[in-house]
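Enquirer: Sharing a model prediction with you, sequence too.
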Amino acid sequence: MARRKKIYEGKAKILYEGPEPGTIVQYFKDDATAFNAEKMEVIDGKGVLNNLLSEYFMNGLNTIGVPTHFIRRLNMREQLVKSCEIIPLEVIVRNYAAGSLSKRLGIEEGQQLPRPIVEYCYKDDSLGDPLVSEEHIAAFGWASQQDMDDILSLALRVNDFMSGIMLAVGIRLVDFKIEIGRIFDGDFQRLVIADEISPDSCRLWDIETNRKLDKDVFRRDLGNLTDAYAEVATRLGVMPKNSPQLIKPTLIN
Ligand code: UDP
């Protein structure tokens, strides 16, 4: 029997109705997908590690006054978050060239950018999340000018925070993607960091060796993805002690 009502199932997470109005339970799956789900695999332990890592980053952001949807972690695979309306944009911040930027502009991967570059992609899997300009965003009404000012400022604050924590454990934050949600409070709306922040949505390279500790390990067949994520969790001190048992997948409903 289902424990709670499923609201949405995505590639890496399932959303369930939360215990109180305005809350949602995010369940982290072990499924890994890349290239718009052309490549798929189940990777034991990925969901647990992303749940723990996303908790760590979101808690830190809340603590320094960057609002997020995160309320608390419920167990090894689930977290309680505030329900919000997701703005249909992937907000990407880049510190070093990699991935689609390198391909698009012919810049060698790993080259430091003159300053952080923020890009927006329209969230639509059927279109492959195309890059869009602020002109498109304004013209199609996906976000207002005020929203865009707030989103830019949030994205750069997340970048400074994440770059700092990563640098402290010998990891370079090459780039990352965040999603932004709107929370309505009467006539007011607040923008918050939503979805997840994890090695699924960041590029993380060891500072000394440039070893990749993120989803590129899966995308580019560079080794064991759980080992890479566990390395990040261990360096940040969030790796559970009895990890082999805890990272096994559990059936939820
Ligand atoms: N990213 C993501 N989800 C996406 C697309 C990108 O989390 O649907 C992240 C990706 O992990 C990387 C950053 O955004 O950290 C920039 O990705 P890029 O545009 O280079 O795309 P990719 O090379 O992954 O196709």
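Expert: Alright, I've got the coordinates.
Enquirer: Need the residue closest to the centroid of this structure.
Expert: I197 (3.1 Å; Cα atoms, centre = their mean).
Enquirer: Name the helix or strand for the closest residue to that one other than its chain neighbours, please.
Expert: Using Cβ to Cβ, 6 or more residues apart in numbering and skipping the chain neighbours, the partner closest in space to I197 is F57 (4.3 Å). Where C-beta positions appear, they are placed from N, C-alpha and C, glycine not excepted. If you go by DSSP states H and E, F57 is part of helix 46-63.
Enquirer: next helix or strand past that helix?
Expert: strand 70-73.
Enquirer: Identify the residues contacting whichever helix or strand comes after that following strand?
Expert: Under the assignment DSSP H and E, the closest C-terminal helix or strand after strand 70-73 is strand 78-82. By Cβ atoms under 8 Å, 6 or more residues apart in numbering, the surrounding residues in contact with strand 78-82 are 18-19, 22-28, 51, 54-55, 69-74, 181, 183, 192, 194, 252.
Enquirer: thinking again about what came up before, pretty sure the residue nearest to the centre of the chain sits against N159.
Expert: No - between I197 and N159 no contact is recorded; they are 11.1 Å apart, counting by Cβ atoms under 8 Å.
Enquirer: shared neighbours, these two?
Expert: F176.
Enquirer: The residue nearest to I197: what's it in contact with?
Expert: 161-162, 165, 197-198.
Enquirer: got JSON lines for those, with secondary structure and pLDDT too?
Expert: Putting the contacts of F57 into JSON lines (DSSP: H, G, I helix; E, B strand; the rest coil; pLDDT from 0 to 100) gives the following:
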{"residue": "F161", "secondary structure": "helix", "pLDDT": "98"}
{"residue": "M162", "secondary structure": "helix", "pLDDT": "99"}
{"residue": "I165", "secondary structure": "helix", "pLDDT": "98"}
{"residue": "I197", "secondary structure": "coil", "pLDDT": "98"}
{"residue": "S198", "secondary structure": "coil", "pLDDT": "98"}
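Enquirer: In CSV, list the residues you listed along with distance to the ligand.
Expert: Formatted as CSV, the contacts of F57 follow (distance: Cβ to the nearest ligand atom, whole Å):
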residue, distance to the ligand
F161, 16
M162, 11
I165, 16
I197, 10
S198, 9
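Enquirer: Include distance to P88 when you put those residues into a markdown table, please.
Expert: As requested, the contacts of F57 are exported to a markdown table (distance: Cβ to Cβ, whole Å):
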| residue | distance to P88 |
| --- | --- |
| F161 | 24 |
| M162 | 23 |
| I165 | 28 |
| I197 | 19 |
| S198 | 21 |
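Enquirer: Would you state the predicted confidence (pLDDT) at the residue nearest to A194 when sequence neighbours are not counted?
Expert: Spatial nearest neighbour of A194, excluding adjacent residues (Cβ to Cβ, 6+ apart): G181 at 3.5 Å. Note on G181: pLDDT of 98.
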